[in-house]
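Peer 1: what's the 3D shape of this:
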Amino acid sequence: MRWLRVVGVDVAVADSNDDLESLLQMAEREQRVILSKNGKFHRQRGGEGCYFLNGNDTKSQFREVATHFGIKWNDERFLTICAKCNARGFKGPMSLEEARKICGENAIKERVAAQVTEFWVCNNTDCKQIYWVRQYFSYRWAQNMRMRTKNSETC
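Peer 2: Numbering: from 1, shown residues only. So this is what the prediction gives:
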């Protein structure tokens, strides 16, 4: 459900090694809903604090969750949270050289470097996920990212 982060939803992703009791305690403490494909778990909880995902692929699950919880598109929230680590904010826009200085010389493949001129890097120094505008992203998204990061390193 990392795509929920792309639209600005604060999402914690459970590790497959997390025990169920710890997961339930974290969800209750942080007022989160557990999304699961595990029907047995959902039945045991009586649906309380969890949502059973019917979809079998990422797109259908995303649509299902967005519809059920009323998540609406909002330009202001789009890409305000790192899809990889859930941190808020990005550094950028920056050049290829600046991004490689922060993230390492091999962090951006040459085929990307040949086509892209602006990059954004997650504020979380342990993450350093790199984002850029590809042809399938809109010019509007790039404008939003530029405005959001113009005067501040956080969103």
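
Peer 1: does the residue sitting furthest away from the middle of the chain sit in a helix, a strand or a coil?
Peer 2: Note on the chain: the largest C-alpha distance from the chain mean falls to residue 44, namely 29.2 Å (CA atoms, centre = their mean). Using DSSP: H, G, I helix; E, B strand; the rest coil, the structure places residue 44 in helix.

Peer 1: buried sites along stretch 9-29?
Peer 2: Buried residues in stretch 9-29, counted by 16 or more other CB atoms under 10 Å: 9, 11, 23, 27. Where C-beta positions appear, they are placed from N, C-alpha and C, glycine not excepted.

Peer 1: now that stretch: how far from the chain's centre is it?
Peer 2: Distance of stretch 9-29 from its chain centroid, counting by CA atoms, centre = their mean, to the nearest Å, is 16 Å.

Peer 1: and what of stretch 105-115?
Peer 2: 22 Å.

Peer 1: Then stretch 84-100?
Peer 2: 14 Å.

Peer 1: Could I get the average pLDDT for that stretch?
Peer 2: Across stretch 84-100, the average pLDDT comes to 93.

Peer 1: Okay, buried residues for that stretch please.
Peer 2: Result for stretch 84-100 [16+ other CB under 10 Å]: buried residues 84-87, 89-94, 96, 99-100.

Peer 1: Quote the end-to-end distance of that stretch.
Peer 2: 18 Å (CA to CA, to the nearest Å).

Peer 1: By mean pLDDT, which helix or strand of this structure comes out lowest?
Peer 2: Across the helices and strands of the chain, mean pLDDT, DSSP states H and E gives its lowest value to helix 139-149, namely a mean of 55.

Peer 1: what residue ranges in the chain are flagged as low confidence?
Peer 2: 1, 134-155 (pLDDT under 70).

Peer 1: Pull up the gap between residue 115 and residue 131, please.
Peer 2: Distance, residue 115 to residue 131, by CB to CB, to the nearest Å: 14 Å.

Peer 1: more crowded one of those two?
Peer 2: residue 131 (22 against 10; other CB atoms under 10 Å).

Peer 1: what pairs with the more buried one across the strands?
Peer 2: Beta bridges link residue 131 to residue 120, judged by DSSP bridges.

Peer 1: going forward, begin numbering at 47 instead of 1
Peer 2: Got it, first residue is 47 now, which makes that one residue 177.

Peer 1: is it true that it touches residue 166?
Peer 2: Yes. Counting by CB atoms under 8 Å, residue 177 does reach residue 166; the two are 4.5 Å apart.
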